[in-house]
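*Asks:* Mind folding the following:
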Amino acid sequence: VDIQSERDYALKYLSKINTKPFSKDLIHKGLSLPPNFDSLNIVATQLIEDNPLGEGVVYSKYSAKLNNGFQFSYLEVQSKVVSPKRDLIFLHGNKCSPEELLGLGKSKSADSVALDLAKAGIRVLIPIKYDMNQFNYSKEITISAAIHGSTFEALEQMKIKGIYNLYSSSQKPVAIYGFSHGAWQALLAANLNSFKIYFFHDYLINPKIMNPEDLSFYTDYDVGVASIYNYSEAFKNSQDSEVIVLLGEYSSYTDENFVESLTKKINDEKVQIIYYEGGHYISRDLIKNHVIDRVW
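*Replies:* Modelled structure (predicted):
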């Protein structure tokens, strides 16, 4: 894959889109979501592994197949002691991993917060992302994107849609949490699905100062158009009943002037911006102080 050519093609395509308002239609066009996106459902699952994490919490890994043939894997983390009262789709960042959230891998970006959520009666659903830091996944993603006529980011939204449709109900609405690049994916998902509450954790990027040289093979299709990074409209247009924006006081992503300008534009009671003491990291304290009670 010629990364430079892929980026050039993406930006050329996106520049042709009518980008005046932020909208669901803009997301569909910008990501090239499949025409049948809203009717995607998981039609088959297979349990791959099932292991205890301790303190009555277990994690199960499933392979899943959508009704358009797309296949992916996801984790389900829940307590066998406390019955799950709520479901939460958890999207980590590019440099984070499910193992960190489960306490099975060395921590770089997160504490083992999935355990705390599960012990509180929250079932955690983690889509397995394509890891673009590993070369061996590049071919897999390219082939899948070509088969389904979609972009790489669209494949991640297809995973979220499948999990959402499988677990959501009117009696038990699903919540979603996104960290770093996962926050960006959750922001898009919140405009494509109806979540009870949405957590946007530390990824406010000012599109005016975005450096094209920093764009990666994985994210090139979701950048280049300022309108799709119109956070104020994206937050307001999301179908959630509540939007929680979590910003680290010491995070490199926290630009106070940019946040202030957004705050003036938002002016919506359902959107709360919360600063926490810390940087670009998912800590147990943050989850306990700002997430668990709100998910309930």
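*Asks:* now the strands for the stretch 151-296 of the chain?
*Replies:* Taking DSSP state E, counting those that start in this stretch as the test, the strands found in the stretch 151-296 of the chain are 175-179, 198-201, 243-248, 271-276.
*Asks:* Can you list the low-confidence ranges for the stretch 1-150 of the chain?
*Replies:* Counting by pLDDT under 70, the stretch 1-150 of the chain has low-confidence residues at 1-4, 6-20, 131-147, 149.
*Asks:* all helices for this structure, in order.
*Replies:* Ranges of helices in the chain, per DSSP state H, are 3-15, 24-31, 98-102, 113-119, 138-148, 152-167, 181-192, 231-237, 256-266, 284-290, 292-295.
*Asks:* possible to save those as CSV with mean neighbour count?
*Replies:* The way it works is simple: take the backbone N, C-alpha and C, and place the C-beta from them, glycine included. Below are the helices of the chain laid out as CSV (neighbours: other CB atoms under 10 Å):
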stretch, mean neighbour count
helix 3-15, 14
helix 24-31, 20
helix 98-102, 22
helix 113-119, 24
helix 138-148, 14
helix 152-167, 23
helix 181-192, 24
helix 231-237, 19
helix 256-266, 13
helix 284-290, 17
helix 292-295, 16
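*Asks:* any chance of these in JSON lines, with distance to F72 too?
*Replies:* Listed next are the helices of the chain as JSON lines, based on distance: least, CB to CB, whole Å:
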{"stretch": "helix 3-15", "distance to F72": "22"}
{"stretch": "helix 24-31", "distance to F72": "16"}
{"stretch": "helix 98-102", "distance to F72": "13"}
{"stretch": "helix 113-119", "distance to F72": "19"}
{"stretch": "helix 138-148", "distance to F72": "9"}
{"stretch": "helix 152-167", "distance to F72": "5"}
{"stretch": "helix 181-192", "distance to F72": "14"}
{"stretch": "helix 231-237", "distance to F72": "25"}
{"stretch": "helix 256-266", "distance to F72": "33"}
{"stretch": "helix 284-290", "distance to F72": "25"}
{"stretch": "helix 292-295", "distance to F72": "24"}
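*Asks:* between the ones you listed, which gets nearest to Q78?
*Replies:* Among the helices of the chain, helix 113-119 comes nearest to Q78, with 5.3 Å by CB to CB.
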